[in-house]
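Novice: attaching a predicted model along with its sequence, questions to come.
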Amino acid sequence: IRDRNFTIDTKAPTVSSFTMSDTALAILETATVRIEFSEAVESFSSSNITVPNGTLSPMTTAADSTFIWTATYTPNADEEDLSNVLTLDTNWTDTAGNTSPAEEITLNFTIDTTVPVITLLGDATVTIEVGSSYVDAGATAPDNYDGDLTSSILTVNPVDETIVGDYTVRYNVTDANGNN
């Protein structure tokens, strides 16, 4: 007598989670895209994900799990888009050949890789007499994502009106996503 054990799997695989490590990307940032399936899948790759405004590295699984897949998303340089959507298509199966869910799964995120623009008010070069008063004309800082950041400008003004020399006044501003 011989016994043969087998399993019949007719249950479609599902996506347990579809996440990004950062959903508000700034300049020079990347994000890990992580997909967790209900069971092991095959015929799955980065090409199953529609990727706007950037690139996705090849999807890989950890040695100890064929349920969890990860890749790195890198936004295009100088990208500014508040309504990006990663879309997971339905062209993959589990290891038994059961097809994926009929609905696409989406993940929303924003990209802000554009630095705020600092515009000087007044002349770029100013000459004064020693002992005269120097008044900094200031600057403005509009940002495509955060709007007017003028009040957030940090000014370093080393000008000493009593000592002859060349001085540089520096302006710096950082938007909510860390671009500066």
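Specialist: Sure, I can see it.
Novice: how about the residue nearest the centre of the chain, what does it touch?
Specialist: By CA atoms, centre = their mean, the chain has its centre lying nearest to residue 25, at 2.1 Å. When contacts are counted by CB atoms under 8 Å, 6 or more residues apart in numbering, residue 25 touches 31, 73, 75, 109-113, 177. (C-beta placed from N, C-alpha, C; glycine too.)
Novice: that one: what secondary structure?
Specialist: strand (DSSP: H, G, I helix; E, B strand; the rest coil).
Novice: who's it bridged to?
Specialist: residue 111 (DSSP bridges).
Novice: pLDDT wise, what is it at?
Specialist: Residue 25 carries a pLDDT score of 88 in this model.
Novice: distance check, it against residue 43.
Specialist: Distance of residue 25 to residue 43, computed by CB to CB, to the nearest Å: 29 Å.
Novice: repeat that for residue 116.
Specialist: Residue 116 is 45 Å from residue 43, by CB to CB.
Novice: which of the two has more residues huddled nearby?
Specialist: Between residue 116 and residue 43, residue 116 has the larger neighbour count (other CB atoms under 10 Å), namely 23 against 12.
Novice: settle this for me: that one is touching residue 141, isn't it.
Specialist: Yes: counting by CB atoms under 8 Å, residue 116 does reach residue 141; the two are 4.8 Å apart.
Novice: any shared contact partners between these two?
Specialist: 149, 173.
Novice: show me where the protein dips below the pLDDT cut-off.
Specialist: Within the chain, no range satisfies pLDDT under 70.
Novice: excluding chain neighbours, what is closest to residue 9?
Specialist: residue 96 (3.9 Å; CB to CB, 6 or more residues apart in numbering).
Novice: count of neighbours near that neighbour?
Specialist: 15.
Novice: kindly report the same for residue 9.
Specialist: 12.
Novice: thought it was touching residue 98?
Specialist: Yes: counting by CB under 8 Å, residue 98 is a contact partner of residue 9 at 6.5 Å.
Novice: before we move on, back to that, give me the distance between the residue nearest to the centre of the chain and residue 46.
Specialist: Counting by CB to CB - residue 25 and residue 46 are separated by 18 Å.
Novice: also residue 116?
Specialist: Taking CB to CB, one finds residue 116 at 33 Å from residue 46.
Novice: kindly report the same for residue 90.
Specialist: Residue 90 is 16 Å from residue 46, by CB to CB.
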